[in-house]
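Participant: 3D model of this:
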Amino acid sequence: MLAYWFKTKAPSQIKKITIIFPVVGHSFLPPDRIFGNIEREIRPLEVIAEPEVYFDIFKRYGKVIRLGSDFQFYDWKTSVTNVLKLPGSWHFKFNASNRFFLRKDKNNKIGIKGEPNYVSEVVNYGNVCKRGKSYENIKPTLMNIGVPVKTEKLNDVRKLLIKHFGEDWITIENLQYYKFLQEEENESNLIETDSEETLMEDEIDIRV
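Facilitator: The predicted structure is shown next:
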C-alpha cells in the first residue's frame, strides 16, 4: 500500500519511508494513558445507546475519523496477488523484519528491504514485484461498508431496546441509530417468543 502511494501519489520531495514495529509487549506510554482515560470515562456509563457518545469521548483525546465519510476501505490483499511476489520469495526474511524501508532512486524506482534489528542495516534494497509488474499496477477495489448481522443478534438488540425504553422506543430521538431494525423483517420474524431465549434481568446493558 505504501509502495503504491510512494510511486503514484507521494510528493516528489519524499525519498524514503521507514516503518518500525515496536518490541512486542513494550508499547509507548502516551497511547496507554489515552486508552486508560477513555476507559475511565466509559466505565461509569450504565447505558450507551448511540455511537455519538463514544465519538464525543474519543474527540477529547484525539482526532476521530469515520469510515465512509473520512476514509474508505480497499481490498489491498487481493489486489497485490498479481503484482507482488509471495513474501517467501522476497530477498529478505519478511517475518523476521522489525523495520521496513522503502527508497526511491533518481530514476523514480522503488526499492524495499526489511531489517531484523533496530540499529544496524545489513540488507540490500530490492524489488518485490513480479516480472514485468510495477507498484502502479496495483488497483485496489473499494470494499463495502458493514457486514451482515445475524437475525439472532438483531433480535437481541431489539429485545434490549424494548426492555430499556418500551415498545415505542423508535419514537425516542436519540435511538434513531437503530431505525434499521424496523426496516428489516416484520416484527413477527424479528422477535422470537421462545421463553428459553428471554433475556436475564442482569443482561440490560446496551453497548453500540
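Participant: Surely L181 is in a helix?
Facilitator: Yes. Under DSSP: H, G, I helix; E, B strand; the rest coil, L181 sits within a helix.
Participant: Report how many residues lie close to the nearest residue to it once chain neighbours are set aside.
Facilitator: In space, and not counting its chain neighbours, L181 is closest to R158: 5.3 Å by C-beta to C-beta, 6 or more residues apart in numbering. C-beta here means a position set from N, CA and C on the backbone, and glycine is covered the same way. Neighbourhood size, R158 [other C-beta atoms under 10 Å]: 19.
Participant: just H91 next, same as before
Facilitator: Residues contacting H91 under the criterion other C-beta under 10 Å number 15.
Participant: Assign it to helix, strand or coil.
Facilitator: coil.
Participant: Tell me the confidence at it?
Facilitator: Looking at H91, its pLDDT is 96.
Participant: cool, and the one 4 residues further on?
Facilitator: The predicted local confidence for N95 comes out at a pLDDT of 93.
Participant: burial of it, as a residue count?
Facilitator: 8.
Participant: Now for it: which residues touch it?
Facilitator: Neighbour list for N95: P87 [criterion: C-beta atoms under 8 Å, 6 or more residues apart in numbering].
Participant: Against S12, how distant is it?
Facilitator: Noted for N95: a distance of 33 Å to S12, by C-beta to C-beta, to the nearest Å.
Participant: cool, Q176 as well?
Facilitator: 47 Å.
Participant: With K93 instead?
Facilitator: Taking C-beta to C-beta, one finds K93 at 32 Å from S12.
Participant: Then N108?
Facilitator: Distance from N108 to S12, by C-beta to C-beta: 9 Å.
Participant: what's stretch 48-67 in contact with?
Facilitator: By C-beta under 8 Å, 6+ apart, stretch 48-67 touches 34, 37-38, 41-42, 45, 71, 73, 145, 164, 174-175, 177, 206-208.
Participant: which among those gets closest to R131?
Facilitator: F73 (29.9 Å; C-beta to C-beta).
Participant: That closest one: what's it in contact with?
Facilitator: Applying C-beta under 8 Å, 6+ apart, the residues near F73 are L67, L142, M143, I145.
Participant: Show me how this structure divides into domains.
Facilitator: 2-142, 151-197 (automatic domain parsing).
Participant: lowest-confidence stretch among those?
Facilitator: What stands lowest among these, in mean pLDDT terms, is domain 151-197, with a mean of 76.
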